[in-house]
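# The following block contains a protein sequence and its predicted model.
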Amino acid sequence: MTTASPKGLFISFEGIDGAGKSSHIEGLAQAFRDQGRVVTLTREPGGTPLAEKLRALMLHEAMDPLTEALIAFAARRDHLVQVIEPALARGEVVISDRFTDATFAYQGAGRGFDWNQLLILERMAQTGTALQADLAENFLREPDMTIWFDLPAEVAAERLATARVPDRFEAQPGEFFARVAQGYADRAKAAPQRFARIDANTSRHAVWQQVTQAVVRRGWLAIMVANKPLSEGAA
Ligand SMILES: Nc1ncnc2c1ncn2[C@@H]1O[C@H](COP(=O)(O)OP(=O)(O)OP(=O)(O)O)[C@@H](O)[C@H]1O
Ligand SMILES: Cc1cn([C@H]2C[C@H](O)[C@@H](COP(=O)(O)O)O2)c(=O)[nH]c1=O
């Protein structure tokens, strides 16, 4: 008798810089592993050698919003083709620290690049990549779930003030992040089934509970696994 292999699952984490995603991404990956799943942990921009080079450009070189958006989508296309689609086809859980919603929030709402043009770029970059034969040719690859850490810009700024040397985005003023936060809210409103909003303005433990409950609610994690606290180091 053969055992059916699990279906690939694609989860993205989103939120403004300093929203507190990092430790929970690790924690969720471990929770899936504890359930016997293979996890591909990745990030955007980045995730492949080429996309990591594009990330370095995006984070450190001055450029206009269109260039920034094109680089984000070029990196994403490579990431999808080289890493995400093969992992999903193998039945793995793919967890990405950011995906396309970040481009809408940062280049769209933050920088003011045209939202409709981003929708066109999204379609160009995210179709024709899927490896599963049962998916239509025009299938648009999106996360199955997006865990959105919602945090006021001023709280994130306080958290980041002492945390690290800022990159090109982290060095932006508070108004920029207020627009980015609104961009995420707009994307969430347009796709309420895909988004799980997390109130990130609370303790790490309370945030972790919200994250696991959102995944349990979808039937992807067992309650026993989800009830394990976030590891000491991360919490
Ligand atoms: N719930 C929390 N309460 C207070 N501080 C927190 C909380 N979660 C994370 N932090 C702190 O806030 C800072 C930013 O957290 P973290 O690096 O996890 O954010 P992030 O969302 O991954 O940011 P980025 O996307 O910019 O990398 C860190 O110093 C972290 O220790
Ligand atoms: C995918 C993506 C990311 N960004 C920005 C958002 C962050 O400021 C950085 C990535 O840094 P992190 O510490 O790894 O979160 O890049 C963006 O502007 N556009 C995008 O599409």
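Happy to help now that I have it. Ligands and ions are numbered 1, 2, ... in the order given.
# The residue nearest the centre of the chain - nearest residue in space that isn't next to it in sequence?
Using Cα atoms, centre = their mean, the residue of the chain that lies closest to the mean C-alpha position is residue 98, 2.5 Å off. The shortest distance from residue 98 to any residue other than its chain neighbours is 4.4 Å, reached at residue 44 (Cβ to Cβ, 6 or more residues apart in numbering). For every residue, glycine as well, the C-beta is placed using N, CA and C.
# for the residue nearest to the centre of the chain, what are its contacts?
Taking Cβ atoms under 8 Å, 6 or more residues apart in numbering as the definition of contact, the neighbours of residue 98 are 12, 13, 14, 43, 44, 45.
# Swap in 7 Å and give it another go.
For residue 98, the contacting residues are 12, 13, 14, 43, 44, by Cβ atoms under 7 Å, 6 or more residues apart in numbering.
# Same question for residue 84.
Taking Cβ under 7 Å, 6+ apart, we find residue 84 in contact with 10, 94.
# among the contacts of residue 98, which are in reach of ligand 2?
Among the contacts of residue 98, the ones lying near ligand 2 by Cβ under 6 Å from any ligand atom are 43, 44.
# And the contacts of residue 98, which of them are buried?
Buried by 16 or more other Cβ atoms under 10 Å: 12, 13, 14, 43, 44, out of the contacts of residue 98.
# Show me which residues of this protein are close to ligand 2?
Of all the residues in the chain, those lying near ligand 2 are 17, 43, 44, 45, 72, 97, 98, 102, 103, 106, 107, 169, going by Cβ under 6 Å from any ligand atom.
# Excluding its own residues, what touches stretch 4-15? List them.
21, 25, 37, 84, 87-89, 91-99, 101-102, 143-151, 184, 200, 220.
# Between the two ends of it, how far is it?
End-to-end distance for stretch 4-15, by Cα to Cα, to the nearest Å: 35 Å.
# Which helix runs longest in the protein?
For the chain, the helix reaching the highest residue count under DSSP state H is reported as helix 174-190.
# That one near ligand 1 anywhere?
No - applying Cβ under 6 Å from any ligand atom, one finds helix 174-190 out of contact with ligand 1, separated by at least 10.4 Å.
# likewise stretch 104-123?
No - contact between stretch 104-123 and ligand 1 is absent, the nearest approach being 10.9 Å (criterion: Cβ under 6 Å from any ligand atom).
# Now the terminal residues of that stretch, how far apart.
Its start and end residues considered, stretch 104-123 measures 13 Å (Cα to Cα).
# Equivalent analysis for stretch 91-105, please.
By Cα to Cα, the extent of stretch 91-105 from end to end equals 30 Å.
# Just the pLDDT at residue 227, thanks.
Model confidence at residue 227, given as pLDDT, is 68.
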